[in-house]
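Novice: with the sequence up front, the predicted model follows.
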Amino acid sequence: MSEPRELVEHFFRHEFGRLVALLTRSLGVRHLDLVEDVVQAALVQALETWSRRGVPEDPAGWLYRTARNLAIDALRRERTHARALPRLAEDAGRESPPPEPQFADEIGDEPLRLLFVCCHEAVPAESRVAFALRTLCGFGTAEIARALLTTDANVQKRIERARDRLRELDVDFDAPDATQLRARLDAVLAVVYLLFSQGCHVTHGDEPIRRDLCNEALRLARMLAAHPAGDVPAVHALLALMCFHGARFDARVAADGAIVLLGEQDRSAWNWGDVREGMAWLAKSAAGDELTRYHVEAGIAWEHCRAPTFADTDWRRIAELYDTLDRIAPSPLHALNRAVAEAYLHGPRAGLDHLAAVLPESVPARYPGWHVVTGELQFRLGRHAAAGRAWREALRWTTAGADREFLRRRLADCRPDGGTHAAG
Amino acid sequence: MAKFLFIYRESTESSAKPSPEEMQALAGAWYAWMQKFSSAIVPGGDGLKHSGRLLKGGLVTDGPYVEAKEIIVSFALIQAVDYDAAVAIARECPPGHTIEIRELAGYA
């Protein structure tokens, strides 16, 4: 982590949201565009300056001061925004970011606070997640589009709508009260979970898992659970789910960076401390009478952790849980996973039948997982030509380096004659 | 409600790596325990690696700790009304550990 470029990339992920959150607190949400611009500019400046002169002693403080000064300059140029200047100038005397206020009921964490602002009820529901991923995590439009299974243009539109609404309302960035916190909790959890999923299933680039994103999601969720308004079963269930998934990270990536599928993972390499923590959260999540999608997904993840070997996995239980999940939160992904469980229970043909039965028009062609599974089931039936077709289709839509490599290997396994010595 | 730290110790001879089956059975037993005492357990307890560093008289050495018959393998944080309640919860932990139970001083 000594190379300036690496360090700036590290800070981009870690500090983007925090810097935006800190500056938005001084400037107000109406200046969000400006804040994002200056934070981006500060990161670019860091890359240039640090390469030439070395990394400063307090990189986070350096970034904050640079972004703040850029904001002051920009506001001076636009006298119309003079109202915000005094608040910012007040901070200018300080050498490091202002201390975070700690009131009993206030959220003592800037990114978490900004997350609640992004999930303001005035922001259209479909905009909140996209907007939060953009503002808080510095995700690009394309990245968000892949995470939400939608198009770039759509994401752009959603983000703009969110910004417009917040600007119109001139929303106060200060702490929402407990009732508002509770009302926004669902949207906040959706963002945290998406952030984690994005880290788990990297959709482009060469890193198979982005632990920084996963850790940030875990950090935000733990902060939530520590807050009176967030100390609820849904949050505990989400934490359990993330701990169970996180426990498998070390076993999920081979030495050469390729993804190791669950069936081939060395279970003794799982992090049993994470499993233990997950179990404690899962136990806590059972306290209420509410069954959320996070409870069900945590239950599925727990079933995988509980099985001594892949062959011992209780697929019947997992299939039931996916049925429940699809009722609570219908999604082509849940139907897809249900088909996988079906294939382990009753064979690949049953899995394919299930896929054909649930294949809705809503499955985006560009969602590669569908084709990956289809290919796998066809392959296990000995239909190599059909498997090859499905995997080539998956390859067309896959941008993650590790996934592409995995698909290429699977394609190489297909016999060129497209053999049809069907097994069953 | 007081908080108690459970310190789990194992004999240094039992550090052989359990098989995945043993580990899973253990996980199941622990899960049952956690279900039962879910309202008492503060999440975040964790297993500890078996070797570490020792700082003594300004001198840092590597583990293992030759004089020790037992090593600390994990910890948990428990809420309970008093020592009796905490001991009752500890009694139901899956077997195989010595469990040291210490109340947090709560200076905060």
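Specialist: Cool, the structure landed. Numbering: from 1, shown residues only, chains lettered A, B, ... in the order given.
Novice: report how many residues lie close to residue 51.
Specialist: Here I'm looking at chain A. 14 (other Cβ atoms under 10 Å in any protein chain shown). C-betas here are computed from N, CA, C, even on glycine.
Novice: try again with chain B
Specialist: B:Ser51 is flanked by 12 other residues according to other Cβ under 10 Å.
Novice: does it belong to a helix, a strand or coil?
Specialist: For B:Ser51, the assignment made with DSSP: H, G, I helix; E, B strand; the rest coil gives coil.
Novice: not counting sequence-adjacent ones, nearest residue to B:Ser38?
Specialist: A:Ala283 (3.6 Å; Cβ to Cβ, 6 or more residues apart in numbering or on different chains).
Novice: number of residues surrounding the one you found?
Specialist: 24.
Novice: host element of it?
Specialist: helix A:272-285 (DSSP states H and E).
Novice: next SSE downstream of that helix?
Specialist: Per DSSP H and E, the first helix or strand lying C-terminal to helix A:272-285 is helix A:293-306.
Novice: who does that following helix touch, helix- and strand-wise?
Specialist: helix A:233-247, helix A:272-285, helix A:315-328, helix B:20-36 (3 or more Cβ pairs under 8 Å, 6 or more residues apart in numbering or on different chains; DSSP states H and E).
Novice: can you lay out those as a markdown table showing mean pLDDT and distance to A:Arg53?
Specialist: Below are these laid out as a markdown table (pLDDT from 0 to 100; distance: least, Cβ to Cβ, whole Å):
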| stretch | mean pLDDT | distance to A:Arg53 |
| --- | --- | --- |
| helix A:233-247 | 96 | 37 |
| helix A:272-285 | 90 | 40 |
| helix A:315-328 | 94 | 53 |
| helix B:20-36 | 84 | 51 |
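Novice: redo the ones you listed as JSON lines? Include distance to B:Ala68.
Specialist: Putting the helices and strands packed on helix A:293-306 into JSON lines (distance: least, Cβ to Cβ, whole Å) gives the following:
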{"stretch": "helix A:233-247", "distance to B:Ala68": "28"}
{"stretch": "helix A:272-285", "distance to B:Ala68": "21"}
{"stretch": "helix A:315-328", "distance to B:Ala68": "42"}
{"stretch": "helix B:20-36", "distance to B:Ala68": "23"}
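Novice: right, and these - which one's nearest A:Arg306?
Specialist: Closest approach to A:Arg306 among these (Cβ to Cβ): helix B:20-36, 6.2 Å.
Novice: how about low-confidence regions in chain A?
Specialist: Within chain A, the ranges that satisfy pLDDT under 70 run A:1-14, A:79-108, A:170-176, A:202-207, A:360-366, A:416-424.
Novice: residues in contact with stretch A:272-291?
Specialist: The contact list for stretch A:272-291 (Cβ atoms under 8 Å, 6 or more residues apart in numbering or on different chains) reads A:232-234, A:236-237, A:239-244, A:246-247, A:294-295, A:298-299, A:301-302, A:305, A:324, A:328, B:23, B:27, B:30-31, B:34-35, B:37-39, B:41-47, B:74.
Novice: buried ones among these?
Specialist: Among the contacts of stretch A:272-291, those scoring as buried are A:232-234, A:236-237, A:239-244, A:246-247, A:294-295, A:298-299, A:301-302, A:305, A:324, B:23, B:27, B:30-31, B:34, B:37-38, B:41, B:43, B:45, B:47, B:74 (criterion: 16 or more other Cβ atoms under 10 Å in any protein chain shown).
Novice: now do the contacts for the residue lying closest to B:Val81 once chain neighbours are set aside.
Specialist: Using Cβ to Cβ, 6+ apart and skipping residues adjacent in sequence, the residue nearest B:Val81 is B:Met1, 6.3 Å away. Shown in contact with B:Met1 (Cβ under 8 Å, 6+ apart): B:79-81.
Novice: how about the residues of chain A by chain B?
Specialist: Proximity of chain A to chain B (Cβ under 8 Å from any Cβ of the partner chain) is limited to residues A:225, A:236, A:239, A:267-268, A:272-273, A:275-277, A:279-284, A:286-287, A:302, A:305-309, A:312.
Novice: now those: which count as buried?
Specialist: Neighbour-count burial (16+ other Cβ under 10 Å) applied to these gives A:225, A:236, A:239, A:267, A:272-273, A:275-277, A:279-284, A:286, A:302, A:305-308.
Novice: show me where the chain has its strands.
Specialist: All of this is about chain A. A:204-205, A:399-400 (DSSP state E).
Novice: please refer instead to chain B.
Specialist: Secondary structure of chain B by DSSP E: the strands cover B:2-11, B:41-47, B:53-56, B:59-62, B:70-80, B:98-103.
Novice: next, the angle from the second one to helix A:272-285.
Specialist: Read it as strand B:41-47. Strand B:41-47 and helix A:272-285 are oriented at 170 degrees to each other (axes from the mean of the first three to the mean of the last three Cα atoms, to 10 degrees).
Novice: and chain B, which residues reach chain A?
Specialist: Close to chain A, as judged by Cβ under 8 Å from any Cβ, chain B has residues B:17, B:20-21, B:23-25, B:27-28, B:30-31, B:34-35, B:37-39, B:41-47, B:74.
Novice: apart from its chain neighbours, what residue comes closest to the spatially most central residue of chain A?
Specialist: When Cα atoms, centre = their mean is applied to chain A, the residue found nearest the centroid is A:Leu195 (1.8 Å). Nearest non-adjacent residue to A:Leu195, counting by Cβ to Cβ, 6+ apart: A:Ala217, 4.2 Å away.
Novice: same deal with A:Gly138?
Specialist: Nearest non-adjacent residue to A:Gly138 (Cβ to Cβ, 6+ apart): A:Phe16, at 3.6 Å.
Novice: tell me the contacts of the one you found?
Specialist: By Cβ under 8 Å, 6+ apart, the contact set of A:Phe16 is A:39, A:43, A:136-138.
Novice: pick out whichever of those sits closest to A:His334.
Specialist: Nearest to A:His334 among the contacts of A:Phe16, with distances taken as Cβ to Cβ, is A:Cys137, at 24.6 Å.
Novice: any idea how far B:Phe4 is from that closest one?
Specialist: 38 Å (Cβ to Cβ, to the nearest Å).
Novice: what do you get for A:Asn154?
Specialist: For A:Asn154, the distance to B:Phe4 - Cβ to Cβ - is 52 Å.
Novice: more neighbours: which of those two?
Specialist: B:Phe4 (23 against 15).
Novice: is it true that that one touches B:Leu104?
Specialist: Yes. Counting by Cβ atoms under 8 Å, B:Phe4 touches B:Leu104, with 6.9 Å between them.
Novice: next, show the common contact partners of the two.
Specialist: With Cβ under 8 Å, 6+ apart, B:Phe4 and B:Leu104 have common neighbours B:Leu77.
Novice: buried set for stretch B:9-29?
Specialist: Residues of stretch B:9-29 classed as buried: B:9-10, B:20, B:23-24, B:27 (neighbour count, 16+ other Cβ under 10 Å).
Novice: same question but for stretch A:242-262, I mixed them up
Specialist: Here stretch A:242-262 shows A:242-249, A:251-253, A:258-260 as buried, counting by 16+ other Cβ under 10 Å.
Novice: now do the phi/psi pair for the residue lying farthest from the centre of chain B.
Specialist: No residue in chain B sits farther from the centre than B:Gly58, which is 27.2 Å out by Cα atoms, centre = their mean. The phi and psi values for B:Gly58, taken as degrees, to the nearest 10, are phi 80, psi 0.
Novice: cool, A:Glu121 as well?
Specialist: Dihedral angles for A:Glu121 - degrees, to the nearest 10 - are phi -60, psi -20.
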